[in-house]
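Colleague: Quick one: sequence and predicted model below, then my questions.
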Amino acid sequence: MSNSEPAAVSVSNGETCQSLPYKNVHPRKAERLVWIDLIRVICVFVVVAAHIVTYRNVPPGGIPDSFWWFTNFFDTFCYVAVPLFFMISGYLILGKPNSLKHGYVKRLLKIGIPLLAWSIIYLVCARITGIDRVEEPVNLYNGIRRILTGQVVSHLWFLYAILSLYIAAPILHSYLKSASRENIIYFLLLWGCACFLYPILCDLLKISFDIDHVEFKFALVGMHVGYFVAGYFFGHQTINTRVCIMCLVSFLMIALTTTWIGFLIPSSMYEGNFRPILTGYLTLPLALMAFIVLKYFGETQFYRQSPLSARVSRFASLSFGIYLVHVLVLHALKQGIGGFSLTIQTFDPWFSLPLTAGAAFLLSALIVWLLKKIPLVHWILP
């Protein structure tokens, strides 16, 4: 999640959408990608807030309607945060050479060391803080098993996923270097069919015709790989104002529509996690639209020259660490600090959600900033 990766900058100039040829993209090491910083900070904040929202599976009527609408509408934004992380990582990594030495050593260590270190930290803290409710003996065997299977703490799954993409980066780089624009678009269309249209069709057929399963598979097209390549592709597009407005309006309409549908359906459907399933279907198009809107805004002269962009970039340098430590901070806020606890239930959710998320975000940033001043800590907080 570091923005230290040099990458080319595509500046919005109001012209029609066009692709930058791969071989003509030359990274600029001295230039800060402020739109990448903007996406990163927004996504980290949304991830923190997502771990506070507790009403996504509560049927309407279980809580006041205004609370329900607010938390379930916001929940739509929570689903696109991690896909956006994959996309900006794809833009930064696939836009530069990835030799086997660079891809398998430097990058793997950059993610592998923090993954191992924070897995151990969370395993130790599990018994102290009560975050982990799994009742099993604390020993070396169980610790190794849980680290290898990704069962330490839920939010570390992202590091496993990004680690696998880093391993595949040299292969994807070689493909993108030689692939034509049409070939990349074909890949993305295939990805969209495999991870968006096809699952919906299969579920509809299963409901209508009682089909137990469908054996047809799309080879080499996975959700995370698709976001990785999409980030590279759309990151090198020049987005005009009309496209940005269309994406923004479409995003808000889909978010409102899915929230409205969730409000109208019978309470019994919530037993099957209806809301996450419905929003999960739409995560792919929502993530692409959010990426386009944020990239466009982050490249405007208004944002680039505003004092806000510099402040956002300072937080962006701490984003990886915030992601790693925020679960501990949220747990501490829930348990209480100085006799006062802070959760979404503390006050009205309209106030508690941004307050709790903001407090956890700022406290996590402060902790990471202080830890980075300790020698050698940069190995686990890059």
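Modeller: All right, it came through fine. In this text, all values refer to a predicted model and were calculated from it rather than measured experimentally.

Colleague: residue closest to the middle of the chain?
Modeller: With the centre of the chain defined as its mean C-alpha position, the nearest residue by C-alpha atoms, centre = their mean is residue 82, 1.2 Å away.

Colleague: tell me the contacts of that residue?
Modeller: 43, 47, 158 (C-beta atoms under 8 Å, 6 or more residues apart in numbering). Placement of C-beta: from N, CA and C, glycine included.

Colleague: Please apply the same query to residue 176.
Modeller: In this structure, residue 176 makes contact with 22, 94, 184, 229, 232, judged by C-beta under 8 Å, 6+ apart.

Colleague: Helix or strand: which one has the last one?
Modeller: Pointing back at residue 232 there. helix 223-235 (DSSP states H and E).

Colleague: Any idea how far that helix is from the middle of the chain?
Modeller: In terms of C-alpha atoms, centre = their mean, to the nearest Å, the centre of helix 223-235 is found 12 Å from the chain centre.

Colleague: Wait, residue 295 touches residue 238, no?
Modeller: No - taking C-beta atoms under 8 Å as the contact criterion, residue 295 and residue 238 are not neighbours in contact, 9.9 Å apart.

Colleague: rewinding a little: so which of the contacts of residue 82 are in helices?
Modeller: For the contacts of residue 82, the ones inside helices are 43, 47, 158, with DSSP state H as the criterion.

Colleague: Between residue 295 and residue 238, point out the one with more neighbours.
Modeller: Taking residue 295 and residue 238 together and counting by other C-beta atoms under 10 Å, residue 295 has the greater number of neighbours (26 against 19).

Colleague: Distance of the more buried one relative to residue 39?
Modeller: 7 Å (C-beta to C-beta, to the nearest Å).

Colleague: which one of the ones in helices among the contacts of residue 82 is nearest residue 370?
Modeller: residue 47 (21.1 Å; C-beta to C-beta).

Colleague: Next, work out how far apart that closest one and residue 141 are.
Modeller: Relative to residue 141, and taking C-beta to C-beta, residue 47 is found at 31 Å.

Colleague: quick one: which of those two has more around it?
Modeller: Each of residue 47 and residue 141 has its neighbours counted (other C-beta under 10 Å); residue 47 has more, 22 against 9.

Colleague: so where's the stretch 251-382 of the chain uncertain?
Modeller: Counting by pLDDT under 70, the stretch 251-382 of the chain contains low-confidence ranges at 266-277.

Colleague: Helices of that one, start to end?
Modeller: In chain order, the stretch 251-382 of the chain shows helices spanning 274-281, 283-299, 301-304, 307-316, 319-335, 349-371, with DSSP state H, counting those that start in this stretch as the criterion.

Colleague: between these, which one is nearest to residue 105?
Modeller: Residue 105 lies closest to helix 319-335 among the helices of the stretch 251-382 of the chain, at 19.1 Å (C-beta to C-beta).

Colleague: The closest one packs against which elements?
Modeller: Counting contacts by 3 or more C-beta pairs under 8 Å, 6 or more residues apart in numbering; DSSP states H and E, helix 319-335 packs against helix 34-50, helix 107-129, helix 349-371.

Colleague: what angle do whatever helix or strand comes next after the first one and helix 107-129 make?
Modeller: Elements were assigned by DSSP H and E; along the chain past helix 34-50, the next helix or strand is helix 65-94. Relative orientation of helix 65-94 with respect to helix 107-129: 150 degrees, computed using axes from the mean of the first three to the mean of the last three C-alpha atoms, to 10 degrees.

Colleague: quick one: helix 65-94 to helix 223-235, angle?
Modeller: For helix 65-94 against helix 223-235, the angle by the same axes, to 10 degrees is 80 degrees.

Colleague: What is the distance between helix 65-94 and the centre of its chain?
Modeller: Relative to where its chain is centred, helix 65-94 has its mean C-alpha point 6 Å off (C-alpha atoms, centre = their mean).

Colleague: Distance-wise, check residue 122 relative to residue 58.
Modeller: From residue 122 over to residue 58 the distance is 28 Å, taken as C-beta to C-beta.

Colleague: Those two: which has the busier surroundings?
Modeller: More neighbours sit around residue 122 than around the other of residue 122 and residue 58, counting by other C-beta under 10 Å; the figures are 21 against 16.

Colleague: For residue 84, see how far away the more buried one is.
Modeller: Between residue 122 and residue 84 the computed distance is 24 Å (C-beta to C-beta).

Colleague: and what of residue 252?
Modeller: Counting by C-beta to C-beta, the separation of residue 252 from residue 84 is 17 Å.

Colleague: just residue 63 next, same as before
Modeller: Shown here: residue 63 relative to residue 84, a distance of 29 Å by C-beta to C-beta.

Colleague: So for the helix or strand that residue 168 is a member of, what gets flagged as buried?
Modeller: For residue 168, the enclosing helix or strand under DSSP H and E is helix 157-178. Burial within helix 157-178, assessed by neighbour count using 16 or more other C-beta atoms under 10 Å, is assigned to 158, 159, 161, 162, 165, 166, 168, 169, 170, 172, 173, 176.

Colleague: which among those gets closest to residue 146?
Modeller: residue 159 (14.0 Å).

Colleague: Kindly provide the distance from the nearest residue to the closest one once chain neighbours are set aside to residue 321.
Modeller: If you skip the residues right next to it in sequence, residue 159 has residue 115 as its closest partner in space, 4.4 Å away by C-beta to C-beta, 6 or more residues apart in numbering. Relative to residue 321, residue 115 is positioned 13 Å away (C-beta to C-beta).

Colleague: go on, residue 362?
Modeller: Distance, residue 362 to residue 321, by C-beta to C-beta: 13 Å.

Colleague: And for residue 358?
Modeller: Distance, residue 358 to residue 321, by C-beta to C-beta: 17 Å.

Colleague: neighbour-wise, which of the two wins?
Modeller: Residue environment comparison for residue 358 versus residue 321 gives the larger neighbour count to residue 321, 25 against 13, counting by other C-beta under 10 Å.
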